[in-house]
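1. one predicted model, sequence on top.
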Amino acid sequence: MKILQANEQTSIKRSVDNGTEEQRKIVQKIIEDVRKGGDDAVKSYTEKFDGVQLQELKVKNEEIAEAYGQLDDSTITILQEAAENIRSFHEKQLRPSWMTTEENGSMLGQKVTPLDSVGLYVPGGKAAYPSSVLMNVIPAKVAGVKRIVITSPPDKHTCKIPPAVLVAADIAGAKEIYKVGGAQAIAALAYGTQSIAPVDKITGPGNVYVALAKREVFGDVAIDMIAGPSEIAILADESAIAEEVAADLLSQAEHDEMASSVLVTPSRTVAEKVAEEVQRQLKTLPKHEIASQSIENFGAIYVTETIEEAVETVNNLAPEHLEILTKNPMSLLGQIRHAGAIFIGRYSPEPVGDYFAGPNHVLPTNGTARFSSPLNVDDFQKKSSILYYSENALKDNGEKIAAFARLEGLEAHARSIETRLK
Ligand SMILES: NC(=O)c1ccc[n+]([C@@H]2O[C@H](COP(=O)([O-])OP(=O)(O)OC[C@H]3O[C@@H](n4cnc5c(N)ncnc54)[C@H](O)[C@@H]3O)[C@@H](O)[C@H]2O)c1
Ligand SMILES: N[C@H](CO)Cc1c[nH]c[nH+]1
Ligand SMILES: [Zn+2]
């Protein structure tokens with residue numbers, strides 16, 4: 001792993017989210033074909049990219065029942081316990097509608113309404129992600145969304161969605177599932193096909209084709225965010241244990257060749273020990289080709305002069321995940337301004353959040369934690385403002401409103417008020 005001196009330009013930005021010109025063209029063509037050809041186009045792209053010939057896109061109830069039979073009881077229990085933790089965390093995010101009554105009798109408020117329908121993309125190319133099913137479906141359920149649709153690519157050997165994904169969907173409460181992945185899934189969710197009715201919003205992470213397709217359909221439907229390859233930054237001082245730091249860096253590196261794993265530390269000794277440990281542990285990982293590529297291209301150890309400079313470097317990075325492995329990690333929390341999720345102390349390694357603790361693992365990447373939040377219940381609801389003016393309220397304020405309208409040269413606006421003041 002490269003050991004570098006941190007500076008003000010230190011960042012994780014990769015060009016992945018925009019893709020290449022060629023990838024953009026491929027995605028535009030897929031979307032156009034799905035809009036024109038519906039199910040036939042979706043099936044033909046599934047054959048081309050996933051190597052699976054589908055008769056029907058929708059997963060049958062019997063396939064879900066069969067999936068339960070393919071998992072052992074302890075796995076099902078783990079999925080149920082994780083689901084409970086995620087539900088309980090997201091229920092705390094719920095915000096009620098509200099209304100205030102003013103002295104002049106007017107009433108103002110905000111009505112919270114769940115979206116009618118959402119489509120959740122569950123990645124399935126390199127690995128199946130039952131955890132992402134829970135992380136997408138549960139906040140939508142908690143928000144009150146009635147129609148929750150899942151799309152995920154079929155496995156090329158079984159021609160099915162992996163059993164753990166189907167069971168996680170069932171535990172989380174999603175029944176409408178389609179064996180479709182990539183840009184063709186996003187197009188089907190946005191514009192509909194004979195089998196898949198369109199949805200109002202698409203959420204969920206995916207590879208560059210999924211990300212580009214979400215960008216393309218944005219505007220016709222809402223999207224959550226463009227979640228890119230995983231990232232971890234670790235802020236460590238001399239108290240950190242190199243073996244643990246290296247293990248945590250590699251935990252995200254194994255996701256993707258473009259995943260980014262970064263250590264920021266004022267201790268050169270820790271930097272050198274971690275660099276050695278990463279090389280040692282790398283060789284023992286089953287997905288070591290993916291991990292080595294991501295460590296080589298997007299991994300780095302930044303050495304700073306002080307812990308304060310290390311904190312500032314982390315804020316510049318605005319990482320998806322931040323682990324604080326210092327003597328007194330809680331004391332640094334207040335100084336962290338930009339990070340998708342913050343993991344405090346050596347007993348909270350990042351996978352605690354990926355799978356189990358409750359907070360969402362769909363997080364802003366590529367520096368967007370500067371202005372974006374983790375996927376949450378608000379992503380599945382919308383708000384309407386409520387305005388009720390009594391006769392007295394309009395009489396008291398009507399002249400001011402009409403004057404304001406004329407300030408903008410909008411005479412019809414002013415008259416709409418004044419016609420009620422006579
Ligand atoms: N941020 C998060 O919360 C989070 C969570 C889980 C996964 N991820 C990320 O999601 C990504 C998952 O990617 P993946 O590839 O494993 O699964 P994926 O499901 O996103 O992509 C697979 C699909 O890509 C399409 N595809 C593949 N090659 C193509 C090509 N040449 N042209 C057009 N389409 C093509 C196929 O249709 C295939 O079904 C990883 O980058 C991972 O890090 C992020
Ligand atoms: N760390 C990923 C988000 O960057 C989420 C995930 C799913 N499974 C394991 N990890
Ligand atoms: Zn992960």
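-> Now that the structure is in, tell me what you want to look at. Fair warning: this is a prediction, and the values are worked out from it, not measured in the lab. Ligands and ions are numbered 1, 2, ... in the order given.

2. mind giving me the domain ranges of the chain?
-> Following automatic domain parsing, the chain resolves into domains at 18-97+113-223, 229-361, 389-418.

3. buried set for the shortest one?
-> Meaning domain 389-418. 389, 393, 398, 401, 402, 405, 414, 417 (16 or more other Cβ atoms under 10 Å). (Each C-beta comes from the backbone N, C-alpha and C, glycine too.)

4. check stretch 232-252 too.
-> Quick answer for stretch 232-252 (16+ other Cβ under 10 Å): 232-237, 240, 242, 244-252.

5. do the same with stretch 148-164
-> 148-155, 160-164.

6. what of stretch 183-193?
-> Under 16+ other Cβ under 10 Å, the buried positions of stretch 183-193 are 183, 184, 185, 186, 187, 188, 189, 190, 191, 193.

7. which sections of this protein are below the confidence cut-off?
-> 12-17 (pLDDT under 70).

8. show me where it has its strands.
-> 3-5, 98-101, 107-114, 117-121, 147-151, 176-178, 201-203, 222-223, 231-236, 260-265, 300-303, 321-325, 341-344, 381-388 (DSSP state E).

9. could you check how far the nearest residue to residue 223 once chain neighbours are set aside is from ligand 1?
-> Spatial nearest neighbour of residue 223, chain neighbours left out: residue 214 (4.7 Å); criterion: Cβ to Cβ, 6 or more residues apart in numbering. Separation of residue 214 from ligand 1 (Cβ to the nearest ligand atom, to the nearest Å): 11 Å.

10. hang on, isn't residue 214 packed against residue 187?
-> No - in this structure residue 214 lies outside contact range of residue 187 using Cβ atoms under 8 Å: 10.4 Å.

11. what sits against the residue in the stretch 251-400 of the chain positioned nearest to ligand 2?
-> Nearest to ligand 2, among the residues of the stretch 251-400 of the chain, is residue 354, at 3.7 Å (Cβ to the nearest ligand atom). For residue 354, the contacting residues are 131, 361, by Cβ atoms under 8 Å, 6 or more residues apart in numbering.

12. run the last query once more with 10 Å
-> Residues in contact with residue 354 (Cβ atoms under 10 Å, 6 or more residues apart in numbering) are 82, 129, 131, 132, 135, 230, 251, 252, 255, 321, 341, 361.

13. export the strands of the chain to TSV and tack on distance to ligand 2?
-> What follows is those, written out as TSV (distance: least, Cβ to the nearest ligand atom, whole Å):
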stretch	distance to ligand 2
strand 3-5	23
strand 98-101	34
strand 107-114	25
strand 117-121	13
strand 147-151	15
strand 176-178	18
strand 201-203	14
strand 222-223	17
strand 231-236	7
strand 260-265	10
strand 300-303	18
strand 321-325	7
strand 341-344	9
strand 381-388	23
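
14. for the closest residue to residue 340 other than its chain neighbours, what are its contacts?
-> Spatially, and ignoring its direct neighbours in sequence, residue 340 is nearest to residue 363 (3.2 Å; Cβ to Cβ, 6+ apart). Shown in contact with residue 363 (Cβ under 10 Å, 6+ apart): 135, 205, 225, 227, 230-231, 319-321, 339-341, 353, 369, 372-375.

15. which of those count as buried?
-> 135, 205, 225, 227, 230-231, 319-321, 339-341, 353, 369, 372, 374-375.

16. before we move on, back to that, how many residues are close by the residue nearest to residue 223?
-> 26 (other Cβ atoms under 10 Å).

17. in this structure residue 203 contacts residue 138, no?
-> No - if you go by Cβ atoms under 10 Å, residue 203 and residue 138 don't touch, sitting 11.9 Å apart.

18. neighbour count winner among these two?
-> Neighbours per residue, other Cβ under 10 Å: of residue 203 and residue 138, the larger number sits with residue 138, 28 against 24.

19. if I look at the residue in the stretch 201-350 of the chain that ligand 2 sits nearest to, how far off is residue 132?
-> Ligand 2 sits closest to residue 230 of the stretch 201-350 of the chain, with a gap of 3.3 Å, by Cβ to the nearest ligand atom. Separation of residue 230 from residue 132 (Cβ to Cβ, to the nearest Å): 11 Å.

20. next one: residue 235
-> For residue 235 relative to residue 132 (Cβ to Cβ), the value is 26 Å.

21. so who does the residue nearest to the spatial centre of the chain touch?
-> By Cα atoms, centre = their mean, the chain has its centre lying nearest to residue 362, at 3.0 Å. The neighbours of residue 362, taking Cβ under 10 Å, 6+ apart as the test, are 120, 132, 135-136, 139, 203-205, 224-225, 227, 320, 340, 374-376, 379.

22. what's the closest non-adjacent residue to whatever residue of the stretch 151-300 of the chain ends up closest to ligand 1?
-> The minimum distance from the stretch 151-300 of the chain to ligand 1, using Cβ to the nearest ligand atom, falls at residue 182 (2.2 Å). Counting by Cβ to Cβ, 6+ apart, residue 182 lies nearest to residue 209, which is 5.0 Å off, once chain neighbours are set aside.

23. any idea how far the one you found lies from residue 367?
-> Residue 209 is 22 Å from residue 367, by Cβ to Cβ.

24. same question for residue 307.
-> Distance from residue 307 to residue 367, by Cβ to Cβ: 22 Å.

25. and if you look at residue 290?
-> Residue 290 is 22 Å from residue 367, by Cβ to Cβ.

26. show the contacting residues for residue 89.
-> Counted by Cβ under 10 Å, 6+ apart, residue 89 has contacts 138, 139, 142, 357, 358, 359, 360, 376, 377.

27. repeat for residue 400
-> residue 417.

28. now swap in the one 10 residues further on and tell me
-> Contact partners of residue 410, counting by Cβ under 10 Å, 6+ apart, are 402, 404, 416.

29. near ligand 1, which residues of the stretch 151-300 of the chain are found?
-> 153, 181-183, 205-207, 209-210, 227, 229-230, 255-256 (Cβ under 6 Å from any ligand atom).
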